[in-house]
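Chemist: Just to be clear, the model below is a prediction. Sequence and coordinates:
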Amino acid sequence: MVLFKRKPFALIPPPENISDNAEVFVMRGTGEVFTDYEKYLKRYDFLIQASDFQQRYCCLIANPKQKKFVDAVNGKSGLNYFDALESESKSTSAIETVFPEVLRDPILRRVQFSTISRIDDLVNCVYDDFKHNFFPKEEVMVMVEDFPEHRLGVIREKAKFPQILSQSGEVQREAFCRYFVRLYSAPREEYVCDDLAIRRDRKVYNKQNVRAFLKHTLFREPWIGAPWLVREHFAIKYRLPMDIPVHLLQESRLLANKVQTYPSFLSYLHQFFPDLANAYAQQQILQNDKPSRKRTKNFEQDEFNRMRHAEIQHQQMQEAANGQPGTHPGNMHVNPPLNSSRTVPRPAAPPPIKYPIEDLEIPPKRNGVVRPQLQFFTDEMENYIKRGRLTTFEDIEMESMGMLLEVWNTLNVQCEVYALDSFTFDDFIDAMRFRSDETKCVLLDEVFCATLKVLVDDKGVVNLSKGAMPEMIAESEDEDSEDPQDESELSTPLPDAPARSTRSRLSHVDPSKSPTALVEKLHRGSEMLGDRKWSTRIGARDFQDGGWQVALAGVLLQLSRSARFQARCNDILAWLAPTDQPPTPETARDQFAVMDINLRISALQMITILSIATPTMKNFLEQCSDDMTDVRKRKIEYQREKKEATAELMIKDRERKILLPANMPDSPPAEALTPVSANDGTPEVIDVSMADSSDPEDEAPTSGRALRRGNDRKRKRDEEAQRAAEEKRKAELAKQHPKQSKEFRKLLGEIEVLKTKIMDCEEAIAECDGDLREANVQRTKVLGKDRFCNRYYWFERNGQPFGGLPNSSTAAYGYANGRIWVQGPDEMEREGFVDRTPEEQKVYQRVYGCTVPERRKLEEGETVLLSANEWGYYDNPVLLDNLIGWLDDRGDREKALRRELVLWRDTIGEYMDKQKKFKDLEAAKKLGADEEQTSRISTRTKTHEGLSQAKERCLRWTNGLAIEQFGHLHSEPAKSKAKIKLKQQQLPRQKGVATVPLNRYGKPVTRQG
C-alpha cells in the first residue's frame, strides 16, 4: 500500500449513476474513474506532485516537484505515486523470494497484536528473539568438530529442555535447546549442536530483511496505541488468530488512559496542595468527569481559596452529622485533611473472560466476513433457499435430501448385512431418478430387494422385533395359538372385524363400517396383495416381474396402520396400486418404473428403518463391537512392542556412539592427494588400461581369413577386463576404509533391525486405527455444530472406507460422497438459541446491537438453513479452508467443530479433489461421445447405446458381493448349487466383482476379518 506523507493514501470512489454512453477517464495505477477531464488532470497532477503554481513558477522554486509518496515496504521516500507503486511491487517480490518460509509463521505469531509503537523497536525485538532460535527444516550454517569451517545444512529436529529450579527457588539449570543437524556435504551423518554452533546466512537473515518482511505483512489502525495486525490473507494462510483482544481495542485503551490520568493528576495535587487534592478528588468523583491537566500548572490563588472554603464547609457538615464538635472555618491548620480518595474505593476491574463460552454470547465481528456460501444439490433447492422459500419443486424436494443421505449412509455402512456392494452417492441419486420401461437399473432393484430380504429370511420367518409393525403380534398368534387375542396388543383395533383375523380376512369386512374405508378408496393395495401375504412372497424370493413391488406394497399397507407412517404410505400406495388400474404385479412394476424420486426414497427409507430393528442387524452391530475390542487389543500390543523397540534402540545408539571413534575411517595420506604422472604409473594400471582398450589394429587378425566366433571372444575379454577393474576399485576402497570390528558391524545390524521393527509397528498401529474407524458402525458421528446450531457431517468419517470398498465396482471412482454436508438446526435446538421470545430478542439487541436472526443473516449470507429438513454442502477444499477461518474458536460449539475440521482437513480435501477429478473426466468422456455421435452416422445405433451408458452412470454398477455370496443378484431367482459351482469353475472372474472370503460359519467376514 503506497503511503502519502507516511499515512495511508485513500483513493477516490467511483461516481454513481454513470450512464453506459458517458465518457469516462480512468487513472493509470489507481483505477479511479472521472467524468470530468479537468478533475482527471488535477488528480494526475497531484499523483506526480506537480501543481499549477509549481509549474508556473518552477524557475523560482528550488524543487518544483515535491514528491511526498512513500514506498510502504522498504520505506523509500521522495517518490511520486507511480514510482512508489513500482518500487513497492519490486520490494514485495524480492522479500517473498529472499525471506525463509520456515521463519514466517513463528515471526508473525510473535508480532500479532504487538503494542510496540515504533517499527525500529519491533524489528530489533524480533531480530534478537529469533537470532538464536532455529526451527526444523531450516537451512543454517553449522560449525562441527569434523570440519574447520561452517558448513551448510538443514535442521532435522529440535529438542527443548526446560529450566530446573531448586526447592528454594534458585535456578539450577537454565533452559536450553539441542538441534539435530544434517549437513549437505555429509547427508548420512547427523550432528547434535547447540545454538552457539549454528547461525543463519547473513544475506538472508538481517535487520533490513526483517524490517521489509514486517512492513510487507503488518499494518495498524491510525490511532495512538493501536496494536500491530497481520494482514488478512497472511493470517488465513498461517492460521493466525484474527480477533483483537478486548483490552487492546480502542475503547478499552481510551478507558484505561482515563483511569491512569486521574491518579497522576491527584498525585500532583497531593504533592503541593494536599488538602485541595482531597476536595478536588471528591468533586471529581461526584461529577464523574475527567480532571483537566492544563489548570494544574498555573493554579490561581482565588480558585485555591474558593475550593479551600468549600472543603472546610463540607468537613463541618460531616462532623455535625457524626456528632463531633465543629471547627472554625478560618482555622486552616487545626482541621485534619479530608482524604476522600481513600474513603471511596475504586471499582474493581471486571474479571477476564475465560474462553470458550456460549457462541452467541461472543460479540459479532462486523468485519464483513461471512460464512462461505453453501452449495445445493439442485438448482431448485438453491432458488428455494435464496428466494424466501416461495418456489416449488419438480425434482428432489428439500425434505427428501435428508432421507437420501440417511439411506445411502445406512446401506453403505451396513453393506455386509444387506449384501450390497458400495456405491457412490451420485450413483444412488441417479438410480433413484432412473425411469425407463425397457432398461433395468440393477442398483435400483438391488437396494429394494436387499432391504426386503433382511425383513424376512429364506424360510419365510419375519425378523422384525416386537412392536416394529402394527398387528405383527396379532398375525403370529393367529397362526400359532388358539387363545383369543388380547385387543390391547393391536395398535389399530377394528371393532367390526373378528378378534382373530388376518389381513386377507380384513378385506372382507364391510367397508362402510370399517375405519379404513377412506384408505380403501385411495388405493387397491389389499386387492393387489391378494391371499398371499407379503412375508410369504419375500420368503419365497418371488421378486421377478413385479414381485418385489407387490411385496413392497404389502409392507407399506400394513405399515399404514401406524399413525406415524399413514399419510406417506397412502401416497405411495395410491401410485403403486391406483384405483383406475387392475391390481396386478404388472401394474405395480409399470407404476414403479415411472414413480417420482420423492415417493421412492420415502418408501425405501421406511423399510430401511424396519430393517435396522431386526435381530440380524443387532447381531452385526455386536460383532462389530467385538471386532473393535480385538483391534484395540492388537493396537495396545503393537504400541507396547514399539515402546520396547524404541527404548532398546536408544541403548543401541548410545553403544554405537561409544564404538564409533574406533571404527571411523582414517584421513587420506598426503601422497594420495598428489597427482600421478602418466610415466610413473604402476604396471597394474597399465595392464588395466590395455585390457580396456579397443584399438582396431590390435584386434585385427594376422591372416586374411576371418576367425569364427571372434566377436564372442572379444566380448568375453571385455567382460573380464571390466570385472577386474571393478575388483580393483573395491580393493582400493577397502584400503581407504579399514575393516570395522565384528562387534560394531553386529551392532549396526541390530540397529537396522530395530528401526525396521519400529516402522512395522507404526504401520500396524495406523492400520488398527483405520480398522477401528471402519468398524465403528453403531451411529453416524457428526463433526460438530456452529454458533447457530447447524450440524456438519462428513459421512466417510466412520463406518466405511474413504473411497468405498476396495473390491467394489465403483472402487476406480476414488470417492464415496466427497462432500461436507450441512444440516439446519433442529426444532429443539432453535428454541432458546435462535428462536427467542420478543423480550429476549430486545435484550440481545440492546447488548450486541442486533437480534439473533439479524446476526444470522449478517454472518451466514444468503444461504441460511432454517430447519433440520434443509441441507447444503461444500465440495471444494478452498471453501473448506474459508469455513475453518470463519469459525470462532472462542465459542464452545465452534471450537470443537474447528478442531475436527482441522484434524480431517487433508483427508477431506483429498477426496473432494478426487470427486472433482472424476466428474471432470466423466464430463470429458460425455463430450467425446457427443462428438463421436455427430461424426459416426453409420453406427448411430451403437453410439446411442454408448451415450445412454455414459449418461446413466448408475447402470454400470454391479452387486459383486451378492453374486459372490449367493451366486445371483437379489432381484434374480435363486440358482441350484451345482449350476453355481459349475459356473464358477468354467467362467472367468468378472472385472469389478468383489471377492469376499467366508469365515468358519460360511458367512462373509467383516472388514476386520
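Modeler: Thanks, I have it.

Chemist: those strands in the stretch 751-900 of the chain, which residues are they?
Modeler: Under the criterion DSSP state E, counting those that start in this stretch, the stretch 751-900 of the chain contains strands at 782-785, 791-793, 820-823, 871-874.

Chemist: ok, how many other residues are close to V847?
Modeler: Counted with other Cβ atoms under 10 Å, the neighbours of V847 add up to 10. For every residue, glycine as well, the C-beta is placed using N, CA and C.

Chemist: and what of K203?
Modeler: Neighbourhood size, K203 [other Cβ under 10 Å]: 8.

Chemist: Where does it fall, secondary structure wise?
Modeler: Assigned by DSSP states H and E, K203 belongs to no helix or strand.

Chemist: Give the full set of residues in contact with it.
Modeler: Residues near K203 by Cβ atoms under 8 Å, 6 or more residues apart in numbering: none.

Chemist: hang on, the earlier thing: can I get the strands of the stretch 751-900 of the chain in TSV with mean pLDDT, distance to D889 and mean neighbour count?
Modeler: Conversion of the strands of the stretch 751-900 of the chain to TSV gives the following (pLDDT from 0 to 100; distance: least, Cβ to Cβ, whole Å; neighbours: other Cβ atoms under 10 Å):
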stretch	mean pLDDT	distance to D889	mean neighbour count
strand 782-785	94	11	19
strand 791-793	96	15	20
strand 820-823	96	18	23
strand 871-874	96	19	22
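
Chemist: Of all those, which one is nearest K895?
Modeler: Ranking these by proximity to K895 (Cβ to Cβ) places strand 782-785 first, at 8.7 Å.

Chemist: what's in contact with that closest one?
Modeler: In contact with strand 782-785 (Cβ under 8 Å, 6+ apart) are residues 791-794, 797, 820, 829, 893-894, 896-898, 900-901, 904.

Chemist: quick one: strands adjacent to that strand?
Modeler: Strands adjacent to strand 782-785 in the sheet, as given by DSSP bridges, are strand 791-793 (antiparallel).

Chemist: quick revisit: quick one: which of the contacts of strand 782-785 is nearest to V777?
Modeler: Taking Cβ to Cβ as the measure, V777 lies nearest R797 of the contacts of strand 782-785, at 12.0 Å.

Chemist: Quick check: the residue lying closest to the closest one once chain neighbours are set aside vs W871, distance?
Modeler: Leaving aside its chain neighbours, R797 sits nearest to K781 (5.7 Å; criterion: Cβ to Cβ, 6 or more residues apart in numbering). Distance of K781 to W871, given as Cβ to Cβ, to the nearest Å: 17 Å.

Chemist: Kindly report the same for N412.
Modeler: In terms of Cβ to Cβ, N412 sits 18 Å off from W871.

Chemist: so the residue at minimal distance from the centre of the chain, which of the three states?
Modeler: When Cα atoms, centre = their mean is applied to the chain, the residue found nearest the centroid is R905 (3.0 Å). Classification of R905 using DSSP: H, G, I helix; E, B strand; the rest coil returns helix.

Chemist: Could I get the contacting residues of it?
Modeler: 880-881, 884.

Chemist: For those residues, which single residue is the most surrounded?
Modeler: Going by other Cβ under 10 Å, L880 tops these with 19 neighbours.

Chemist: Spatially nearest residue to it, not counting backbone neighbours?
Modeler: Nearest residue to L880, sequence neighbours excluded (Cβ to Cβ, 6+ apart): Y874, at 5.8 Å.

Chemist: Please name the residues that touch that neighbour.
Modeler: Y874 makes contact with 372, 374-375, 819-820, 822, 880, 883 under the criterion Cβ under 8 Å, 6+ apart.

Chemist: beta partners of L3?
Modeler: P8, V70.

Chemist: quick revisit: residues near the residue nearest to R797, how many?
Modeler: 15.

Chemist: Likewise for E32?
Modeler: With other Cβ under 10 Å as criterion, E32 counts 19.

Chemist: Doesn't E221 lie inside a helix?
Modeler: No - counting by three-state DSSP, E221 is not found in a helix; it is coil.

Chemist: Would you mind confirming that it makes contact with Q250?
Modeler: Yes - here E221 reaches Q250: they are 7.4 Å apart, a contact under Cβ atoms under 8 Å.

Chemist: hey, where'd the helices end up in the stretch 101-250 of the chain?
Modeler: Using DSSP state H, counting those that start in this stretch, the helices of the stretch 101-250 of the chain run over 101-111, 119-129, 207-217, 232-237, 250-272.

Chemist: now the angle between helix 101-111 and the third one, please.
Modeler: So the one you mean is helix 207-217. Using axes from the mean of the first three to the mean of the last three Cα atoms, to 10 degrees, one finds that helix 207-217 and helix 101-111 are set 70 degrees apart in direction.

Chemist: Can you name the residues in contact with helix 207-217?
Modeler: So helix 207-217 is contacted by 72-75, 91-92, 94-96, 98-99, 104, 107-108, 111, 119-120, 122-124, 126-127, 230-231, 234 (Cβ under 8 Å, 6+ apart).

Chemist: 6 Å instead?
Modeler: 73-74, 92, 95, 99, 123, 126-127, 230-231, 234 (Cβ atoms under 6 Å, 6 or more residues apart in numbering).

Chemist: returning to what we had before: could you dump the strands of the stretch 751-900 of the chain to CSV with distance to I385?
Modeler: Conversion of these to CSV gives the following (distance: least, Cβ to Cβ, whole Å):
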stretch, distance to I385
strand 782-785, 19
strand 791-793, 17
strand 820-823, 12
strand 871-874, 8
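
Chemist: nearest to P363, of those?
Modeler: Across the strands of the stretch 751-900 of the chain, closest to P363 is strand 782-785 (Cβ to Cβ), at 19.8 Å.

Chemist: Span of stretch 851-868 from start to end?
Modeler: The straight-line separation of the ends of stretch 851-868 (Cα to Cα, to the nearest Å) is 21 Å.

Chemist: Let me know the average pLDDT across that stretch.
Modeler: The pLDDT scores in stretch 851-868 average 92.

Chemist: What separation do you get for R366 and M595?
Modeler: 50 Å.

Chemist: more crowded one of these two?
Modeler: The residue with more neighbours, out of R366 and M595, is M595; 17 against 12, by other Cβ under 10 Å.

Chemist: and that one, backbone torsions?
Modeler: When read as degrees, to the nearest 10, the backbone of M595 gives phi -70, psi 150.

Chemist: same thing with the one 4 residues further on?
Modeler: Torsion angles at L599 (phi, psi; degrees, to the nearest 10) stand at phi -70, psi -40.

Chemist: isn't it right up against L573?
Modeler: No - L599 sits out of contact with L573 when judged by Cβ atoms under 6 Å, with a separation of 10.0 Å.

Chemist: Of those two, which one has the most company?
Modeler: L573 (26 against 19).

Chemist: Correct me if wrong, but the more buried one is in a helix.
Modeler: Yes - secondary structure of L573 (three-state DSSP): part of a helix.

Chemist: Next up, the contacts around it.
Modeler: Here L573 is in contact with 523, 525, 556 (criterion: Cβ under 6 Å, 6+ apart).

Chemist: at 7 Å instead, please
Modeler: Contacts of L573 were listed using Cβ atoms under 7 Å, 6 or more residues apart in numbering, and they are 523, 525, 553, 556-557, 560.

Chemist: Any chance of TSV for the contacts of Y874, columns distance to G960?
Modeler: What follows is the contacts of Y874, written out as TSV (distance: Cβ to Cβ, whole Å):
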residue	distance to G960
P372	39
L374	36
Q375	32
R819	26
I820	29
V822	34
L880	33
L883	37
